[in-house]
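S.K.: here you go, sequence then predicted model.
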Amino acid sequence: MTEPILSVRDLRVDFPTDDGVVSAVRGVSFDLHRGEVLGIVGESGCGKSVTNMAIMGLLPKTARVSGSVRLGDDELVGRYPAEMRPVRGRRISMIFQDPMTSLNPVYSVGWQLVEAVRAHNDVSKDEARKRAVDLLALVGIPNPADRYSSYPHEFSGGMRQRVMIAMAIANDPEILIADEPTTALDVTVQAQILETLQRIRQETGTAIIFITHDLGVLAGMADRLLVMYAGKVVESGAIEEVYDNPLMPYTIGLLGAIPGEQSHGRRLNQIKGAPPSLMRIPAGCLFAPRCPLANDLCRSTAPVEVAASDAHGVSCHRVDQVRDASDRRALFGSMGGD
């Protein structure tokens, strides 16, 4: 395995508030390799976006960030905003989930692409314009030379998201962070956006971190997967292994909520309850109140990650019981434990 282009170790993010400290990210670690797609999944508030905003250096000044984020040989944690500007957009870019609030409504999309190109490259306006048209063509915008002068409101939601992808790859970044880029798009447009990202990965070799709450979106997209819950990674591994052999009850619950052939004519599983407050973190496994297998050990002692295989890690006390279950997806049919 080659050296990772991004190495995150024990990343922690705390937000002090008047009521206490919110521990939004608690010891996240992972590596990202060139050309790889890493999926990060979990419910809203689990720390997915905060983790990646910390990597980008886009958190508010009040946030307390610790741990290590190494981009190649460069440490990013602790850098001043001015030191991060050459990194953002040039080496790491981000696609946000709402393109209408990310694009400036008073400037044409072409003008905004030109600005993105010229912010990191010493090129003329004509050269930047040619690059902008090429980018629009690369992400599948029809008649790119004509649409160059269009404004964001003249594009559909899917086309605006393609413009955001074009802007993110304008400077050939090493890493592209896609923060729920298919949210609020219909299924057909969603598939087109995923296809566009796959094509860009294949043509440019850019590594992608894909953030979503939908495991189904990642099925044919990601190489590896991180499942996050309450600010921590609770299961990780190669996408096929996690899908085929999930060992954390939370992951099983998420997979059981995906419609498929096996669920035809049956009620989809649901994970009852809600994630815990990250302001007053209780003892034990934070998923225990919602877990059908939770016992006294789960409620009193936080689990540590164990290696289920070389490419599969899981944080759970009940791995053996999960592995022995005849139908893991039926676990959430009952909330009984022992």
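M.R.: Nice, I can see it.

S.K.: can you list contacts of stretch 179-186?
M.R.: 48-49, 52, 94-98, 157-158, 161, 164-165, 189-190, 193-194, 197, 210-213, 217 (C-beta atoms under 8 Å, 6 or more residues apart in numbering). (C-beta placed from N, C-alpha, C; glycine too.)

S.K.: are any of those residues buried, and if so which?
M.R.: When the contacts of stretch 179-186 are checked for burial by 16 or more other C-beta atoms under 10 Å, the buried set is 48-49, 52, 94-98, 157-158, 161, 164-165, 189-190, 193-194, 197, 210-212, 217.

S.K.: just the residues you listed: which are in helices?
M.R.: With DSSP state H as the criterion, helices contain 48-49, 52, 157-158, 161, 164-165, 189-190, 193-194, 197 from among those.

S.K.: which among the residues you listed gets closest to Arg299?
M.R.: Arg299 has its nearest neighbour among those in Lys48, at 25.6 Å by C-beta to C-beta.

S.K.: tell me which element Arg323 is part of?
M.R.: In this structure, Arg323 is located in helix 319-324 according to DSSP states H and E.

S.K.: re the thing from before, quick one: which of the ones in helices among the buried ones among the contacts of stretch 179-186 is nearest to Asn143?
M.R.: Gly158 (15.7 Å).

S.K.: isn't the closest one up against Ala191?
M.R.: No - look at Gly158 against Ala191 with C-beta atoms under 8 Å: they stay out of range, at 10.1 Å.

S.K.: strands of the stretch 101-250 of the chain, start to end?
M.R.: Ranges of strands within the stretch 101-250 of the chain are 175-179, 207-212, 224-229, 232-238, based on DSSP state E, counting those that start in this stretch.

S.K.: starting from the first one, tell me which strands it pairs with and how they run.
M.R.: Paired with strand 175-179 in the same sheet, following DSSP bridges, are strand 92-95 (parallel), strand 207-212 (parallel).

S.K.: where in the stretch 151-300 of the chain is pLDDT low?
M.R.: 184, 260-266 (pLDDT under 70).

S.K.: helices along this protein, start to end?
M.R.: Listed in chain order, the helices of the chain (DSSP H) span 48-56, 81-84, 99-102, 109-118, 125-138, 144-147, 157-168, 187-204, 239-244, 249-256, 296-300, 319-324.

S.K.: Met279: which of these is closest?
M.R.: Met279 sits nearest to helix 48-56 of all these, at 14.3 Å, using C-beta to C-beta.

S.K.: who's in contact with that closest one?
M.R.: Residues outside helix 48-56 that contact it (C-beta under 8 Å, 6+ apart): 6, 8, 11, 13, 24-25, 28, 40-42, 59, 63, 65, 69, 76-77, 84, 88, 92, 94, 177, 179-180, 209, 211, 213, 228.

S.K.: and those residues, which of them are buried?
M.R.: Buried among the contacts of helix 48-56 by 16+ other C-beta under 10 Å: 6, 8, 11, 13, 24-25, 28, 40-42, 59, 63, 65, 69, 76-77, 88, 92, 94, 177, 179-180, 209, 211, 228.

S.K.: state the distance from the nearest residue to Asp10 once chain neighbours are set aside to Met94.
M.R.: Closest residue in space to Asp10, ignoring its immediate chain neighbours: Gly67 at 4.3 Å, by C-beta to C-beta, 6 or more residues apart in numbering. Separation of Gly67 from Met94 (C-beta to C-beta, to the nearest Å): 19 Å.

S.K.: kindly report the same for Gly284.
M.R.: 35 Å.

S.K.: now swap in Pro303 and tell me
M.R.: Pro303 is 32 Å from Met94, where distance means C-beta to C-beta.
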